[in-house]
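[1] Kindly generate the corresponding structure for this input.
(one chain, ligands or ions: 1)
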Amino acid sequence: MRAVKRLYRHNLSKYPGPPLAALTSWYRIYYDIVRDGSWSKHLESLHETYGYVVRVGPNELHFSNPDAYNDIYGMGTRFMKQPEMYSCFATDKSVFAMWDHQEVMNRRTLIGPFFSRKAILNLEKTVQGKIDLLVSRLMEYYHANKSANLDLAFRSLSLEIITSYCFSRSPNALDSKDFRNEVLIAIDHTMPMIWVFKHFPLIRKLLLNVPECFASVLKPSTKGILEQRKQMGTQIDEIMKDPSSLDNVDHETIYHHFLTPQPENVKLPPITRDWLLDEGLYMRFAGSDTVGNTCTVAAYHILNNKDVHSKLLDSLKEVWPDRETPPSYEALEKVPYLTAVLKESLRMAHGVVTPLPRLVGPTVAEIAGELIPPGTVVSMGATILHRNPSIFPDPYRFDPERWLQPNSFDLEKYLVAFSKGPRGCLGINLAWCELYLTIGTVFRRLDMIPDQASIEDISYREYFVPVHRGKHFHAYIRPTSA
Ligand code: HEM
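    I've put the predicted structure just below:
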(Lines give C-alpha, C1' and ligand atoms only; values in the text may rest on other atoms or scores of the structure.)
Protein backbone atom coordinates (compact mmCIF):
# COMPACT_ATOMS: atom_id res chain seq x y z
CA MET A 1 0.00 0.00 0.00
CA ARG A 2 2.84 2.38 0.98
CA ALA A 3 4.68 1.42 -2.18
CA VAL A 4 1.68 2.21 -4.37
CA LYS A 5 1.28 5.57 -2.63
CA ARG A 6 4.95 6.49 -3.08
CA LEU A 7 4.87 5.51 -6.74
CA TYR A 8 1.51 6.85 -7.90
CA ARG A 9 -0.03 9.12 -5.29
CA HIS A 10 2.95 11.01 -3.93
CA ASN A 11 3.26 14.73 -4.63
CA LEU A 12 6.52 13.96 -6.49
CA SER A 13 4.98 11.15 -8.59
CA LYS A 14 4.96 13.28 -11.73
CA TYR A 15 8.75 13.56 -11.75
CA PRO A 16 10.69 10.95 -13.77
CA GLY A 17 13.27 8.70 -12.17
CA PRO A 18 14.04 5.05 -11.37
CA PRO A 19 10.97 3.47 -9.66
CA LEU A 20 13.23 1.90 -7.02
CA ALA A 21 14.52 5.35 -6.00
CA ALA A 22 10.92 6.56 -5.56
CA LEU A 23 10.15 3.51 -3.42
CA THR A 24 13.04 3.36 -1.00
CA SER A 25 16.09 5.20 0.31
CA TRP A 26 17.99 1.90 0.00
CA TYR A 27 18.47 2.91 -3.63
CA ARG A 28 20.77 5.75 -2.51
CA ILE A 29 22.32 3.64 0.27
CA TYR A 30 23.44 1.17 -2.38
CA TYR A 31 25.47 3.87 -4.24
CA ASP A 32 26.80 5.50 -1.07
CA ILE A 33 27.87 2.38 0.80
CA VAL A 34 27.90 -0.73 -1.41
CA ARG A 35 29.26 1.12 -4.47
CA ASP A 36 31.44 3.13 -2.08
CA GLY A 37 30.93 6.85 -2.68
CA SER A 38 29.65 6.78 -6.25
CA TRP A 39 26.33 8.64 -5.96
CA SER A 40 27.25 11.84 -7.82
CA LYS A 41 28.70 9.79 -10.69
CA HIS A 42 25.46 7.83 -10.87
CA LEU A 43 23.43 11.06 -10.94
CA GLU A 44 25.09 12.00 -14.23
CA SER A 45 23.70 8.86 -15.88
CA LEU A 46 20.27 9.40 -14.30
CA HIS A 47 20.06 12.87 -15.88
CA GLU A 48 21.07 11.44 -19.26
CA THR A 49 18.17 9.00 -19.02
CA TYR A 50 15.46 11.06 -17.32
CA GLY A 51 16.17 14.73 -18.11
CA TYR A 52 16.96 17.82 -16.06
CA VAL A 53 14.91 17.00 -12.97
CA VAL A 54 14.97 13.47 -11.54
CA ARG A 55 13.22 11.95 -8.56
CA VAL A 56 16.19 10.37 -6.82
CA GLY A 57 14.53 9.34 -3.53
CA PRO A 58 11.04 8.91 -2.10
CA ASN A 59 11.12 12.57 -1.12
CA GLU A 60 14.01 13.95 -3.11
CA LEU A 61 14.68 15.67 -6.46
CA HIS A 62 17.99 16.36 -8.14
CA PHE A 63 18.39 19.01 -10.83
CA SER A 64 20.86 19.48 -13.68
CA ASN A 65 19.48 22.66 -15.23
CA PRO A 66 22.08 25.45 -14.61
CA ASP A 67 19.35 27.88 -13.45
CA ALA A 68 18.41 25.48 -10.67
CA TYR A 69 21.72 26.04 -8.87
CA ASN A 70 20.95 29.67 -8.18
CA ASP A 71 17.34 28.90 -7.27
CA ILE A 72 18.48 26.39 -4.63
CA TYR A 73 21.62 28.01 -3.22
CA GLY A 74 21.80 31.62 -4.48
CA MET A 75 21.47 34.90 -2.59
CA GLY A 76 18.06 35.33 -1.02
CA THR A 77 17.38 31.59 -0.66
CA ARG A 78 16.57 30.36 2.81
CA PHE A 79 16.24 26.62 2.41
CA MET A 80 17.31 24.63 5.41
CA LYS A 81 20.20 22.17 5.16
CA GLN A 82 18.89 18.60 5.26
CA PRO A 83 19.53 17.45 8.87
CA GLU A 84 20.20 13.77 7.97
CA MET A 85 23.14 14.77 5.78
CA TYR A 86 24.65 17.41 8.02
CA SER A 87 24.42 15.44 11.27
CA CYS A 88 26.65 12.73 9.88
CA PHE A 89 29.78 14.82 10.43
CA ALA A 90 29.27 14.53 14.17
CA THR A 91 29.65 18.31 14.53
CA ASP A 92 25.97 19.12 15.07
CA LYS A 93 26.56 22.38 16.92
CA SER A 94 28.89 23.90 14.32
CA VAL A 95 27.74 26.70 12.01
CA PHE A 96 28.07 24.26 9.12
CA ALA A 97 25.45 21.85 10.51
CA MET A 98 23.02 24.48 11.86
CA TRP A 99 19.76 25.14 10.09
CA ASP A 100 17.93 27.94 11.89
CA HIS A 101 18.43 30.82 9.43
CA GLN A 102 18.70 33.62 12.00
CA GLU A 103 21.01 31.61 14.26
CA VAL A 104 23.26 30.80 11.30
CA MET A 105 23.41 34.48 10.31
CA ASN A 106 24.32 35.45 13.90
CA ARG A 107 27.02 32.81 14.07
CA ARG A 108 28.42 33.82 10.68
CA THR A 109 28.47 37.47 11.79
CA LEU A 110 30.39 36.45 14.91
CA ILE A 111 33.10 34.53 13.08
CA GLY A 112 32.97 36.51 9.79
CA PRO A 113 35.64 39.11 10.75
CA PHE A 114 38.09 36.29 11.52
CA PHE A 115 37.88 35.16 7.86
CA SER A 116 37.49 38.64 6.30
CA ARG A 117 39.83 39.75 3.52
CA LYS A 118 41.43 42.25 5.90
CA ALA A 119 42.18 39.54 8.47
CA ILE A 120 43.56 37.24 5.80
CA LEU A 121 45.84 39.95 4.37
CA ASN A 122 47.33 40.26 7.86
CA LEU A 123 47.95 36.53 7.80
CA GLU A 124 49.91 36.53 4.57
CA LYS A 125 53.35 36.21 6.18
CA THR A 126 52.27 33.21 8.26
CA VAL A 127 50.85 31.45 5.20
CA GLN A 128 53.95 32.25 3.14
CA GLY A 129 56.17 30.94 5.98
CA LYS A 130 54.36 27.58 5.99
CA ILE A 131 54.63 27.35 2.19
CA ASP A 132 58.35 28.08 2.35
CA LEU A 133 58.63 25.23 4.84
CA LEU A 134 56.77 22.95 2.41
CA VAL A 135 59.19 23.92 -0.38
CA SER A 136 62.20 23.12 1.78
CA ARG A 137 60.64 19.77 2.80
CA LEU A 138 60.03 18.98 -0.87
CA MET A 139 63.67 19.84 -1.64
CA GLU A 140 64.67 16.98 0.66
CA TYR A 141 63.12 14.65 -1.92
CA TYR A 142 65.31 16.27 -4.57
CA HIS A 143 68.43 15.56 -2.51
CA ALA A 144 67.26 12.00 -1.82
CA ASN A 145 66.27 11.52 -5.50
CA LYS A 146 62.87 10.24 -4.41
CA SER A 147 59.44 11.26 -5.62
CA ALA A 148 57.14 13.05 -3.15
CA ASN A 149 53.49 12.31 -2.44
CA LEU A 150 51.98 15.65 -3.47
CA ASP A 151 48.50 14.72 -2.25
CA LEU A 152 49.73 14.32 1.33
CA ALA A 153 52.17 17.24 0.96
CA PHE A 154 49.46 19.75 0.01
CA ARG A 155 46.99 18.42 2.55
CA SER A 156 49.66 18.65 5.26
CA LEU A 157 50.25 22.26 4.28
CA SER A 158 46.58 23.27 4.43
CA LEU A 159 46.12 21.36 7.69
CA GLU A 160 49.11 23.19 9.14
CA ILE A 161 47.76 26.58 8.02
CA ILE A 162 44.20 26.10 9.26
CA THR A 163 45.29 24.66 12.60
CA SER A 164 47.80 27.43 13.24
CA TYR A 165 45.32 30.11 12.24
CA CYS A 166 42.18 28.86 13.99
CA PHE A 167 43.75 27.42 17.14
CA SER A 168 47.26 28.88 17.30
CA ARG A 169 48.59 25.32 17.55
CA SER A 170 50.80 23.45 15.12
CA PRO A 171 50.13 19.80 14.32
CA ASN A 172 53.68 19.78 12.84
CA ALA A 173 52.11 18.24 9.77
CA LEU A 174 54.94 19.36 7.51
CA ASP A 175 57.48 17.63 9.75
CA SER A 176 55.78 14.24 9.64
CA LYS A 177 57.69 11.53 7.82
CA ASP A 178 56.53 11.50 4.18
CA PHE A 179 53.76 13.92 5.24
CA ARG A 180 51.89 11.08 6.95
CA ASN A 181 50.39 13.15 9.74
CA GLU A 182 48.12 11.40 12.23
CA VAL A 183 45.32 13.98 11.77
CA LEU A 184 45.28 13.34 8.03
CA ILE A 185 45.26 9.60 8.62
CA ALA A 186 42.35 10.03 11.04
CA ILE A 187 40.46 12.12 8.44
CA ASP A 188 41.09 9.44 5.79
CA HIS A 189 39.76 6.74 8.11
CA THR A 190 36.81 8.82 9.19
CA MET A 191 35.47 10.02 5.85
CA PRO A 192 34.22 6.67 4.52
CA MET A 193 32.11 6.42 7.69
CA ILE A 194 29.95 9.40 6.79
CA TRP A 195 27.56 7.36 4.66
CA VAL A 196 27.09 4.84 7.45
CA PHE A 197 26.43 7.76 9.83
CA LYS A 198 23.96 9.37 7.44
CA HIS A 199 21.90 6.29 6.74
CA PHE A 200 22.22 4.66 10.17
CA PRO A 201 22.23 7.50 12.73
CA LEU A 202 22.00 5.07 15.63
CA ILE A 203 25.49 3.79 14.83
CA ARG A 204 26.79 7.37 14.97
CA LYS A 205 25.17 7.98 18.35
CA LEU A 206 26.51 4.73 19.80
CA LEU A 207 29.98 5.35 18.49
CA LEU A 208 30.29 8.89 19.82
CA ASN A 209 29.21 7.74 23.23
CA VAL A 210 31.59 4.81 23.41
CA PRO A 211 33.77 4.94 26.55
CA GLU A 212 37.35 5.84 25.82
CA CYS A 213 38.67 2.52 27.13
CA PHE A 214 36.89 0.77 24.24
CA ALA A 215 38.14 3.27 21.68
CA SER A 216 41.55 1.64 21.55
CA VAL A 217 40.07 -1.67 20.44
CA LEU A 218 37.88 -0.18 17.71
CA LYS A 219 39.05 -0.51 14.15
CA PRO A 220 40.99 2.51 12.76
CA SER A 221 38.04 3.85 10.76
CA THR A 222 36.10 4.56 13.94
CA LYS A 223 38.99 5.23 16.28
CA GLY A 224 40.11 8.23 14.21
CA ILE A 225 36.94 10.22 14.99
CA LEU A 226 37.30 9.72 18.72
CA GLU A 227 41.00 10.58 18.66
CA GLN A 228 40.31 13.86 16.86
CA ARG A 229 37.64 14.85 19.37
CA LYS A 230 39.93 13.98 22.25
CA GLN A 231 42.86 16.07 20.98
CA MET A 232 40.77 19.17 20.36
CA GLY A 233 38.77 18.69 23.55
CA THR A 234 41.95 18.96 25.60
CA GLN A 235 42.71 22.45 24.25
CA ILE A 236 39.11 23.56 24.82
CA ASP A 237 39.17 22.28 28.40
CA GLU A 238 42.31 24.34 29.04
CA ILE A 239 40.70 27.48 27.56
CA MET A 240 37.43 27.03 29.43
CA LYS A 241 39.27 26.47 32.69
CA ASP A 242 41.45 29.51 32.18
CA PRO A 243 40.21 31.89 29.41
CA SER A 244 43.17 34.18 30.13
CA SER A 245 45.39 31.53 28.48
CA LEU A 246 44.13 33.08 25.22
CA ASP A 247 46.06 36.27 26.07
CA ASN A 248 49.33 34.41 25.57
CA VAL A 249 48.88 33.39 21.92
CA ASP A 250 50.50 35.46 19.16
CA HIS A 251 47.33 36.06 17.11
CA GLU A 252 43.56 35.77 17.50
CA THR A 253 42.02 32.31 17.30
CA ILE A 254 38.43 31.24 16.61
CA TYR A 255 37.97 31.02 20.39
CA HIS A 256 38.65 34.77 20.78
CA HIS A 257 35.65 35.37 18.52
CA PHE A 258 33.36 32.72 19.94
CA LEU A 259 34.05 33.78 23.51
CA THR A 260 33.37 37.48 22.83
CA PRO A 261 30.27 38.48 24.86
CA GLN A 262 27.40 39.32 22.50
CA PRO A 263 24.62 41.93 22.87
CA GLU A 264 21.57 40.44 24.56
CA ASN A 265 19.36 40.78 21.49
CA VAL A 266 21.68 38.53 19.44
CA LYS A 267 20.26 35.03 19.48
CA LEU A 268 23.14 32.62 20.10
CA PRO A 269 23.30 29.43 22.11
CA PRO A 270 25.21 29.55 25.42
CA ILE A 271 28.93 28.85 25.16
CA THR A 272 29.50 25.20 25.91
CA ARG A 273 32.35 22.76 25.49
CA ASP A 274 30.34 20.80 22.91
CA TRP A 275 29.72 23.90 20.82
CA LEU A 276 33.39 24.90 20.76
CA LEU A 277 34.42 21.33 20.03
CA ASP A 278 32.03 20.97 17.10
CA GLU A 279 33.07 24.34 15.64
CA GLY A 280 36.76 23.54 16.01
CA LEU A 281 36.51 20.08 14.49
CA TYR A 282 34.50 21.35 11.56
CA MET A 283 36.78 24.34 10.86
CA ARG A 284 39.80 22.07 10.76
CA PHE A 285 38.09 19.66 8.40
CA ALA A 286 36.63 22.43 6.17
CA GLY A 287 39.92 24.25 5.88
CA SER A 288 42.27 21.37 5.21
CA ASP A 289 41.30 18.82 2.58
CA THR A 290 39.36 21.30 0.42
CA VAL A 291 42.42 23.47 -0.22
CA GLY A 292 44.79 20.49 -0.29
CA ASN A 293 42.69 18.65 -2.90
CA THR A 294 42.48 21.70 -5.13
CA CYS A 295 46.27 22.11 -5.05
CA THR A 296 46.77 18.41 -5.91
CA VAL A 297 44.37 18.62 -8.85
CA ALA A 298 46.07 21.85 -10.00
CA ALA A 299 49.55 20.30 -9.78
CA TYR A 300 48.48 17.15 -11.63
CA HIS A 301 47.05 19.08 -14.57
CA ILE A 302 49.82 21.69 -14.73
CA LEU A 303 52.55 19.04 -14.68
CA ASN A 304 50.82 16.90 -17.27
CA ASN A 305 50.39 19.79 -19.66
CA LYS A 306 53.70 21.30 -20.84
CA ASP A 307 52.07 24.30 -22.49
CA VAL A 308 50.17 25.28 -19.31
CA HIS A 309 53.27 24.70 -17.18
CA SER A 310 55.53 26.93 -19.26
CA LYS A 311 52.90 29.69 -19.62
CA LEU A 312 52.38 29.63 -15.85
CA LEU A 313 56.10 29.87 -15.12
CA ASP A 314 56.57 32.71 -17.65
CA SER A 315 53.68 34.68 -16.16
CA LEU A 316 55.01 34.13 -12.62
CA LYS A 317 58.50 35.32 -13.63
CA GLU A 318 57.05 38.64 -14.81
CA VAL A 319 55.84 39.50 -11.31
CA TRP A 320 58.49 37.43 -9.50
CA PRO A 321 61.80 37.95 -11.38
CA ASP A 322 64.14 37.11 -8.50
CA ARG A 323 63.45 33.55 -7.36
CA GLU A 324 64.35 34.37 -3.74
CA THR A 325 62.11 37.46 -3.41
CA PRO A 326 58.42 36.52 -3.47
CA PRO A 327 55.87 39.16 -4.44
CA SER A 328 52.89 39.93 -2.21
CA TYR A 329 49.63 38.00 -2.34
CA GLU A 330 47.95 41.07 -3.84
CA ALA A 331 50.56 41.16 -6.64
CA LEU A 332 49.99 37.46 -7.41
CA GLU A 333 46.24 38.04 -7.58
CA LYS A 334 46.88 40.35 -10.53
CA VAL A 335 48.57 37.65 -12.65
CA PRO A 336 45.78 36.72 -15.13
CA TYR A 337 47.22 33.35 -16.13
CA LEU A 338 47.67 32.22 -12.51
CA THR A 339 44.09 33.29 -11.77
CA ALA A 340 42.88 31.32 -14.79
CA VAL A 341 44.83 28.23 -13.66
CA LEU A 342 43.29 28.46 -10.18
CA LYS A 343 39.74 28.87 -11.48
CA GLU A 344 40.20 25.90 -13.80
CA SER A 345 41.63 23.88 -10.88
CA LEU A 346 38.62 24.73 -8.72
CA ARG A 347 36.33 23.71 -11.58
CA MET A 348 38.08 20.35 -11.97
CA ALA A 349 38.43 19.74 -8.20
CA HIS A 350 34.80 20.80 -7.48
CA GLY A 351 35.26 21.58 -3.77
CA VAL A 352 32.46 19.46 -2.34
CA VAL A 353 31.37 16.68 -4.68
CA THR A 354 28.21 15.45 -2.97
CA PRO A 355 25.14 17.50 -3.98
CA LEU A 356 24.33 19.74 -1.00
CA PRO A 357 20.80 18.76 0.10
CA ARG A 358 18.30 21.47 1.04
CA LEU A 359 14.78 21.16 2.41
CA VAL A 360 12.05 23.14 0.64
CA GLY A 361 9.71 25.02 2.97
CA PRO A 362 7.73 26.34 4.64
CA THR A 363 5.92 27.16 1.36
CA VAL A 364 6.07 25.95 -2.23
CA ALA A 365 9.27 27.02 -4.03
CA GLU A 366 9.97 27.63 -7.70
CA ILE A 367 13.11 25.89 -8.89
CA ALA A 368 14.07 26.02 -12.58
CA GLY A 369 10.45 26.81 -13.39
CA GLU A 370 9.03 23.86 -11.37
CA LEU A 371 6.79 24.39 -8.35
CA ILE A 372 8.25 22.18 -5.65
CA PRO A 373 6.14 21.20 -2.62
CA PRO A 374 7.39 21.94 0.92
CA GLY A 375 9.20 19.07 2.60
CA THR A 376 10.98 18.01 -0.62
CA VAL A 377 14.75 17.55 -0.45
CA VAL A 378 16.36 19.32 -3.43
CA SER A 379 19.93 19.56 -4.63
CA MET A 380 22.20 20.11 -7.58
CA GLY A 381 25.78 18.84 -7.50
CA ALA A 382 28.68 21.11 -8.42
CA THR A 383 30.09 18.31 -10.61
CA ILE A 384 27.00 18.46 -12.83
CA LEU A 385 27.48 22.20 -13.43
CA HIS A 386 31.26 22.06 -13.77
CA ARG A 387 31.02 19.31 -16.39
CA ASN A 388 28.17 20.82 -18.40
CA PRO A 389 29.58 20.89 -21.97
CA SER A 390 27.32 23.72 -23.11
CA ILE A 391 28.91 25.96 -20.44
CA PHE A 392 32.41 24.47 -20.35
CA PRO A 393 33.06 22.88 -23.79
CA ASP A 394 35.26 19.76 -23.61
CA PRO A 395 34.72 19.76 -19.82
CA TYR A 396 37.27 17.07 -18.92
CA ARG A 397 40.08 19.10 -20.52
CA PHE A 398 42.14 21.33 -18.20
CA ASP A 399 41.99 24.56 -20.15
CA PRO A 400 42.86 27.79 -18.28
CA GLU A 401 42.35 29.72 -21.53
CA ARG A 402 38.58 29.38 -21.15
CA TRP A 403 38.85 31.90 -18.29
CA LEU A 404 40.80 34.39 -20.43
CA GLN A 405 38.31 34.97 -23.27
CA PRO A 406 36.49 38.31 -23.78
CA ASN A 407 33.21 36.77 -22.49
CA SER A 408 34.82 34.75 -19.66
CA PHE A 409 33.17 36.90 -17.04
CA ASP A 410 29.89 35.14 -17.91
CA LEU A 411 31.44 31.85 -16.78
CA GLU A 412 32.04 33.04 -13.22
CA LYS A 413 28.51 32.32 -12.07
CA TYR A 414 28.92 28.67 -13.06
CA LEU A 415 32.03 28.15 -10.95
CA VAL A 416 30.45 26.94 -7.72
CA ALA A 417 33.29 25.19 -5.89
CA PHE A 418 32.62 27.46 -2.89
CA SER A 419 28.84 27.14 -3.33
CA LYS A 420 26.82 30.37 -3.22
CA GLY A 421 24.52 32.53 -1.17
CA PRO A 422 23.85 32.58 2.56
CA ARG A 423 25.48 29.18 3.19
CA GLY A 424 28.42 29.64 0.81
CA CYS A 425 31.96 28.98 2.04
CA LEU A 426 32.91 31.07 5.07
CA GLY A 427 36.62 30.49 4.52
CA ILE A 428 36.70 31.66 0.89
CA ASN A 429 39.18 34.53 1.50
CA LEU A 430 41.59 32.24 3.28
CA ALA A 431 41.16 29.59 0.58
CA TRP A 432 42.01 32.01 -2.25
CA CYS A 433 45.02 33.34 -0.35
CA GLU A 434 46.35 29.81 0.19
CA LEU A 435 45.75 28.84 -3.43
CA TYR A 436 47.52 31.89 -4.90
CA LEU A 437 50.49 31.68 -2.57
CA THR A 438 50.86 27.89 -2.75
CA ILE A 439 50.57 27.38 -6.49
CA GLY A 440 52.51 30.61 -7.17
CA THR A 441 55.38 29.67 -4.85
CA VAL A 442 55.59 25.97 -5.62
CA PHE A 443 55.66 26.51 -9.38
CA ARG A 444 58.00 29.50 -9.27
CA ARG A 445 60.51 27.69 -7.06
CA LEU A 446 60.19 24.05 -8.06
CA ASP A 447 60.33 22.21 -11.32
CA MET A 448 58.50 18.91 -10.87
CA ILE A 449 58.23 15.79 -13.00
CA PRO A 450 55.30 13.41 -12.50
CA ASP A 451 56.27 9.94 -11.26
CA GLN A 452 54.35 7.39 -13.37
CA ALA A 453 51.27 9.54 -13.02
CA SER A 454 47.88 8.62 -14.40
CA ILE A 455 44.49 10.27 -14.03
CA GLU A 456 43.68 7.44 -11.59
CA ASP A 457 45.95 9.21 -9.08
CA ILE A 458 43.44 12.03 -8.76
CA SER A 459 40.27 10.03 -9.29
CA TYR A 460 38.18 10.04 -6.16
CA ARG A 461 35.54 8.41 -4.06
CA GLU A 462 32.80 10.73 -2.97
CA TYR A 463 32.54 11.18 0.79
CA PHE A 464 31.00 14.67 0.65
CA VAL A 465 34.48 15.91 -0.30
CA PRO A 466 36.49 13.98 -2.90
CA VAL A 467 38.96 11.53 -1.35
CA HIS A 468 41.79 10.50 -3.66
CA ARG A 469 42.53 6.89 -2.98
CA GLY A 470 45.03 4.43 -4.33
CA LYS A 471 48.55 5.47 -5.20
CA HIS A 472 48.22 9.28 -4.85
CA PHE A 473 49.93 11.71 -7.20
CA HIS A 474 53.73 11.66 -6.83
CA ALA A 475 56.34 13.86 -8.51
CA TYR A 476 60.13 14.18 -8.62
CA ILE A 477 61.33 17.54 -7.40
CA ARG A 478 64.13 19.85 -8.51
CA PRO A 479 64.65 23.59 -8.13
CA THR A 480 63.78 25.86 -11.04
CA SER A 481 66.87 27.10 -12.87
CA ALA A 482 66.47 30.84 -12.16
C1 HEM B 1 39.44 25.43 -1.93
C2 HEM B 1 38.99 25.53 -0.69
C3 HEM B 1 37.55 25.44 -0.25
C4 HEM B 1 36.45 25.04 -0.94
C5 HEM B 1 36.37 24.57 -2.38
C6 HEM B 1 35.31 25.14 -0.03
C7 HEM B 1 34.00 24.83 -0.36
C8 HEM B 1 32.92 24.98 0.49
C9 HEM B 1 31.56 24.67 0.13
C10 HEM B 1 31.10 24.10 -1.20
C11 HEM B 1 30.79 24.95 1.22
C12 HEM B 1 29.26 24.77 1.33
C13 HEM B 1 28.98 23.45 2.05
C14 HEM B 1 27.51 23.20 2.28
O15 HEM B 1 26.65 23.98 1.92
O16 HEM B 1 27.24 22.16 2.86
C17 HEM B 1 31.65 25.43 2.26
C18 HEM B 1 31.22 25.80 3.52
C19 HEM B 1 32.06 26.19 4.52
N20 HEM B 1 33.42 26.37 4.42
FE21 HEM B 1 34.58 26.09 2.78
N22 HEM B 1 35.76 25.58 1.19
C23 HEM B 1 37.12 25.78 1.10
C24 HEM B 1 37.94 26.25 2.09
C25 HEM B 1 37.54 26.60 3.35
C26 HEM B 1 38.42 27.11 4.37
C27 HEM B 1 39.91 27.38 4.23
C28 HEM B 1 37.65 27.30 5.47
C29 HEM B 1 38.16 27.82 6.79
C30 HEM B 1 37.85 27.27 7.91
C31 HEM B 1 36.28 26.94 5.14
C32 HEM B 1 35.18 27.02 6.00
C33 HEM B 1 33.88 26.76 5.65
C34 HEM B 1 32.76 26.84 6.58
C35 HEM B 1 32.83 27.23 8.05
C36 HEM B 1 31.62 26.49 5.87
C37 HEM B 1 30.18 26.37 6.40
C38 HEM B 1 29.38 27.63 6.09
C39 HEM B 1 27.89 27.49 6.45
O40 HEM B 1 27.38 26.40 6.50
O41 HEM B 1 27.22 28.52 6.64
N42 HEM B 1 36.25 26.52 3.84
N43 HEM B 1 32.96 25.45 1.79
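[2] Is residue 366 in a helix, a strand, or coil?
    Under the three-state scheme (DSSP: H, G, I helix; E, B strand; the rest coil), residue 366 adopts strand.
[3] do you know how far it is from the ligand?
    The spacing between residue 366 and the ligand, counted by C-beta to the nearest ligand atom, to the nearest Å, is 21 Å. Every C-beta, even on glycine, is put in place using the N, C-alpha and C of the backbone.
[4] What of residue 312?
    Counting by C-beta to the nearest ligand atom - residue 312 and the ligand are separated by 18 Å.
[5] I'd say that residue and residue 340 touch.
    No: using C-beta atoms under 8 Å as the test, residue 312 is too far from residue 340 to be in contact (9.3 Å).
[6] Write out the residues of the chain neighbouring the ligand.
    95-96, 104, 108, 162, 283, 286-287, 290-291, 294, 351-352, 356, 417-419, 423, 425-427, 430-431 (C-beta under 6 Å from any ligand atom).
[7] Just confirm residue 124 contacts residue 437, I think it does.
    Yes: with contact defined as C-beta under 8 Å, residue 124 counts as touching residue 437 (7.4 Å).
[8] Which one's more surrounded, the two?
    residue 437 (22 against 15; other C-beta atoms under 10 Å).
[9] Tell me which residues touch the more buried one, please.
    124, 127, 128, 131, 329, 332 (C-beta atoms under 8 Å, 6 or more residues apart in numbering).
[10] from these, which single one is nearest residue 461?
    residue 131 (28.2 Å; C-beta to C-beta).
[11] Just the pLDDT for the residue in the stretch 1-150 of the chain positioned nearest to the ligand.
    Going by C-beta to the nearest ligand atom, the ligand is nearest to residue 96 of the stretch 1-150 of the chain, at 4.0 Å. For residue 96, the pLDDT comes out at 94.
[12] That one against residue 89, yeah?
    Yes: here residue 96 reaches residue 89: they are 7.3 Å apart, a contact under C-beta under 8 Å.
[13] Enumerate every residue touching residue 365.
    Contacts of residue 365 (C-beta under 8 Å, 6+ apart): 71, 79, 371, 372, 374, 378.
[14] Pull out the buried members of those.
    Buried by 16 or more other C-beta atoms under 10 Å: 71, 79, 372, 378, out of the contacts of residue 365.
[15] quick one, phi/psi of the last one?
    Just to be clear, that refers to residue 378. phi -130, psi 150 (degrees, to the nearest 10).
[16] same thing with the second one?
    Backbone geometry at residue 79, expressed as degrees, to the nearest 10, gives phi -70, psi 140.
[17] Please list all residues in contact with it.
    72, 358, 359, 360, 361, 365, 378.
[18] What distance do you get for it to residue 424?
    With the distance defined as C-beta to C-beta, to the nearest Å, residue 79 ends up 13 Å from residue 424.
[19] One more: the last one?
    With distances taken as C-beta to C-beta, residue 378 is found 17 Å from residue 424.
[20] do residue 289 as well
    18 Å.
[21] Which one of these two is surrounded by more residues?
    A count of neighbours by other C-beta under 10 Å puts residue 289 above the other of residue 289 and residue 424, at 27 against 13.
[22] so who does the residue in the stretch 251-400 of the chain that the ligand sits nearest to touch?
    Relative to the ligand, the nearest point of the stretch 251-400 of the chain is residue 351 (2.9 Å; C-beta to the nearest ligand atom). Listed by C-beta under 8 Å, 6+ apart, the contact partners of residue 351 are 290, 294, 382, 416, 417, 418, 419, 425, 465.
[23] one more time with 7 Å, if that's ok
    Taking C-beta atoms under 7 Å, 6 or more residues apart in numbering as the criterion, residue 351 is in contact with 290, 382, 417, 418.
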